[in-house]
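Enquirer: sequence and predicted structure, then a few things I'm wondering about:
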Amino acid sequence: MSIPDGLDVTRPPIPDLIGVAMYSALRDYNQSFGGKHLQFAGLPLPIMEALQGVIDRDRELAVQIVRGALHSATGTAGPSLHEAARCVMLSFHLGGRTRLTEPEAEAFMADVMREY
């Protein structure tokens, strides 16, 4: 599944939907696999493709989306922040899911984690 041509993934409500999908996947994975295994799981491809679309158009918005998803997912019954962040980081690399190189993905996640 790829983003249809002409779809602006930076216009509401799409960024919110990407964040909710990421949050939901992180919480679901935590419940299914347990937190210590979450860092070895990758997020679904459509989420990562949509996030890549936002990164391509508005990197700061993409940082905000991931930061919000991590914040929401790591509540009382959720994974630790470290486990959730590792899951997102791994998701950038599984099966060529994004066009970010490893150093670019690490820099992106460093921006996400800067406020923590």
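Expert: Now that the structure is in, tell me what you want to look at.

Enquirer: CA atoms only for the least confident helix or strand in the chain by mean pLDDT, dumped as PDB, please.
Expert: Among the helices and strands of the chain, helix 35-38 carries the lowest confidence by mean pLDDT, DSSP states H and E, at a mean of 78. What follows is helix 35-38, C-alpha atoms only, in PDB (Å, rounded to 0.1, in the frame of the first residue of the first chain):
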ATOM      1  CA  GLY A  35       7.600  -5.000  26.600                       C
ATOM      2  CA  LYS A  36      11.000  -6.700  26.400                       C
ATOM      3  CA  HIS A  37      10.200  -8.200  23.000                       C
ATOM      4  CA  LEU A  38       8.600  -5.000  21.600                       C
END
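
Enquirer: any idea which helix or strand comes after it?
Expert: helix 45-57 (DSSP states H and E).

Enquirer: any idea of the mean pLDDT for that following helix?
Expert: Averaging pLDDT along helix 45-57 gives 92.

Enquirer: so for the helix or strand that it is followed by, what gets flagged as buried?
Expert: Using DSSP H and E, the helix or strand that directly follows helix 45-57 along the chain is helix 59-73. Residues of helix 59-73 classed as buried: 62-73 (neighbour count, 16 or more other Cβ atoms under 10 Å). Glycine gets a C-beta too; all of them are placed from N, C-alpha and C.

Enquirer: closest to Ile18 out of these?
Expert: Nearest to Ile18 among these is Ile65, at 5.5 Å by Cβ to Cβ.
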